[in-house]
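J.: Task: produce atomic coordinates for the following.
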Amino acid sequence: MKIHIRKLFVAMLILMAVFSLTACSKTREITVYSSTNIELVRKYMDLFEKEHPDIKVTYLRESVGTLTERLVREGEDTPADVLFGTGATCMLTLQTLDMLEPYEPENLEAIQSKFIDKDSFPPRWVGISIYEAVIVQNTELSQTLDLPEITSYQDLLKPEFKNLIIAPNPKQTGTGLILLSGLCHILGEEKAFEYLDELDENVVIYLSGGLDVAKKVADGEYPVGITYGYGGVSELLDGKPIELIFPEEGSGWDIEANALIKKNKIKDEAKIFLDWASSEELMNIMKDDYAMVTSKNAAQIPTGYRKLPIEQLLLDYDLNWVVDRKPEVLAEWIKRYGDKAEKKD
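T.: Numbers count the residues shown, from 1 in each chain. Predicted coordinates:
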């Protein structure tokens with residue numbers, strides 16, 4: 001009898017071990033796509049995994065334009081479960097293709113309503129941060145070159161800036177797109193391209209990353225560039241000799257947002273991630289990385305800004321117009337200025 005009991009006990013241990021191994025093999029996992037700069041993506045994904053060690057995150061970071069093209073190409077076969085910190089212009093494009101699943105994250109009431117999808121409830125996307133176009137100038141290099149003061153976009157057309165300006169490519173970067181569409185809002189499309197023809201005379205190259213513009217100006221490779229606000233601030237906080245210039249005409253802008261990808265089987269883990277991704281806890285961390293976050297409770301005047309960023313000269317801006325006109329204005333931009341675009345392998 002004792003032998004039989006011992007054998008039964010051993011068999012139970014074996015079954016428990018097999019069950020445990022089987023359970024462990026079913027890893028909880030999500031795939032996140034983002035257009036937030038890569039250092040911050042790593043930081044935030046690490047934070048999420050520390051809080052949710054049972055959920056593994058695989059992430060892909062691309063610029064807004066490239067990420068949008070990828071998602072449209074992948075369609076219903078995309079491996080992405082959620083979008084994190086991705087331009088609202090991308091969201092609106094995916095909206096028209098019915099690729100986003102409405103979802104109400106737990107902290108939705110704490111998010112300013114003007115930065116949430118207005119056309120659906122539950123919303124298909126929820127904004128977490130805002131970024132705007134700014135001019136950055138290396139003060140030391142500009143002084144050495146005796147360059148004139150910059151207060152507006154028009155100042156960039158002065159002959160003293162010939163071959164001294166770098167700018168973002170709007171086909172590949174959200175920063176480039178908000179610059180292009182912002183000028184179209186300010187001047188109208190026809191006059192915007194007349195302005196860009198003149199600006200092109202002073203531009204050396206159009207880079208494939210808005211943050212790359214800020215870094216190259218901060219490092220003294222070029223004296224002047226057009227980037228996004230907190231890309232410049234991050235270099236300022238790093239002790240680089242740069243100044244942020246908010247053009248007196250106003251700035252184009254975009255919202256970085258989160259969304260749930262529509263799939264046959266939506267993972268519970270994706271919803272857990274989205275609850276966390278717009279939580280007050282994360283917002284309080286993000287406000288040290290961004291000038292503008294969408295939480296009602298996180299307003300502050302950051303380094304490099306003269307007043308609350310939301311009160312800077314942001315344009316009365318129609319994001320739907322941006323999406324509707326994007327194919328035509330990008331095609332025109334590429335035809336005129338594509339030869340100067342940075343070539344990527």
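J.: quick one, what contacts I30?
T.: Contact analysis of I30 by Cβ atoms under 8 Å, 6 or more residues apart in numbering lists I55, K56, V57, T58, D81, V82, K267, E269, A270, F273. Every residue, glycine included, has its C-beta placed from N, CA and C.
J.: Quick check, the fifth one in contact with A270.
T.: Right, D81. Yes. Judged on Cβ atoms under 8 Å, D81 makes contact with A270 at a distance of 4.2 Å.
J.: Just the buried ones out of the contacts of I30, please.
T.: Among these, those classed as buried by 16 or more other Cβ atoms under 10 Å are I55, V57, D81, V82, K267, E269, A270, F273.
J.: Can you flag which of the residues you listed belong to helices?
T.: When DSSP state H is applied, the buried ones among the contacts of I30 are split such that E269, A270, F273 fall in helices.
J.: before we move on, the earlier item: residues shared between the contacts of D81 and A270?
T.: By Cβ under 8 Å, 6+ apart, the residues touching both D81 and A270 are I30, L260, I261.
J.: Excluding sequence neighbours, find me the nearest residue to the last one.
T.: Read it as I261. Leaving out its chain neighbours, the residue that sits closest to I261 by Cβ to Cβ, 6 or more residues apart in numbering is A80, at 5.1 Å.
J.: phi, psi of the one you found?
T.: Dihedral angles of A80 (phi, psi; degrees, to the nearest 10) stand at phi -70, psi 140.
J.: Tell me the spacing between it and R70.
T.: Relative to R70, A80 is positioned 9 Å away (Cβ to Cβ, to the nearest Å).
J.: Looking at those two, which one has more neighbours?
T.: A80 (25 against 14; other Cβ atoms under 10 Å).
J.: got the contact list for the more buried one?
T.: Contacts of A80 by Cβ under 8 Å, 6+ apart are T31, V32, Y33, L60, L71, E74, I261.
J.: which two in the residues you listed are spaced the farthest apart?
T.: Within these, V32 and E74 form the most distant pair, 14.4 Å apart (Cβ to Cβ).
J.: Between the two, which has more neighbouring residues?
T.: Per other Cβ under 10 Å, whichever of V32 and E74 has more neighbours is V32, with 25 against 14.
J.: tell me the secondary structure for that one?
T.: strand (DSSP: H, G, I helix; E, B strand; the rest coil).
J.: what sits against it?
T.: Contacts for V32 (Cβ under 8 Å, 6+ apart) come out as M45, V57, T58, Y59, L60, A80, D81, V82, L83, F84, F273.
J.: Bridged to it, which residues?
T.: Taking DSSP bridges as the rule, V32 bridges to Y59, V82.
J.: I'd like the distance between it and V136.
T.: According to Cβ to Cβ, V32 stands 29 Å off from V136.
J.: any chance you could map the strands in the stretch 201-345 of the chain?
T.: Using DSSP state E, counting those that start in this stretch, the strands assigned to the stretch 201-345 of the chain run over residues 203-207, 224-228, 242-245, 253-261, 292-293.
J.: Could you report the pLDDT at the residue nearest to V136 when sequence neighbours are not counted?
T.: Nearest residue to V136 in three dimensions, chain neighbours excluded: G232, at 4.3 Å (Cβ to Cβ, 6+ apart). Per-residue pLDDT puts G232 at 88.
J.: count of neighbours near G232?
T.: Neighbour count for G232, taken as other Cβ under 10 Å: 30.
J.: my read: it touches F246, true?
T.: No. In this structure, G232 is not within contact of F246 by Cβ under 8 Å, at 10.3 Å.
J.: okay, and the common contacts of these two?
T.: Taking Cβ under 8 Å, 6+ apart as the contact rule, G232 and F246 both touch V134.
J.: Alpha carbons of the top strand by length along the chain, in CSV - could you do that?
T.: When the chain is parsed with DSSP state E, its longest strand is strand 126-138. The C-alpha trace of strand 126-138 is given here as CSV (Å, rounded to 0.1, in the frame of the first residue of the first chain):
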residue,chain,number,x,y,z
VAL,A,126,-6.7,59.2,-26.6
GLY,A,127,-4.0,61.9,-26.7
ILE,A,128,-1.2,61.9,-24.2
SER,A,129,1.1,64.7,-25.4
ILE,A,130,1.3,67.6,-27.9
TYR,A,131,4.3,68.7,-29.9
GLU,A,132,4.7,71.8,-32.0
ALA,A,133,7.1,73.1,-34.6
VAL,A,134,9.8,75.5,-33.4
ILE,A,135,13.0,77.0,-34.8
VAL,A,136,16.2,76.1,-32.9
GLN,A,137,19.4,78.2,-33.1
ASN,A,138,22.9,77.4,-31.9
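J.: Phi and psi next, for T78.
T.: Torsion angles, degrees, to the nearest 10, at T78: phi -60, psi 140.
J.: is it true that it touches I261?
T.: Yes. Taking Cβ under 8 Å as the definition, T78 is a contact partner of I261 at 6.4 Å.
J.: any idea of the angle the longest strand of the chain forms with strand 253-261?
T.: 140 degrees (axes from the mean of the first three to the mean of the last three Cα atoms, to 10 degrees).
J.: next structured bit after strand 126-138?
T.: Using DSSP states H and E, the helix or strand that follows strand 126-138 in sequence is helix 139-144.
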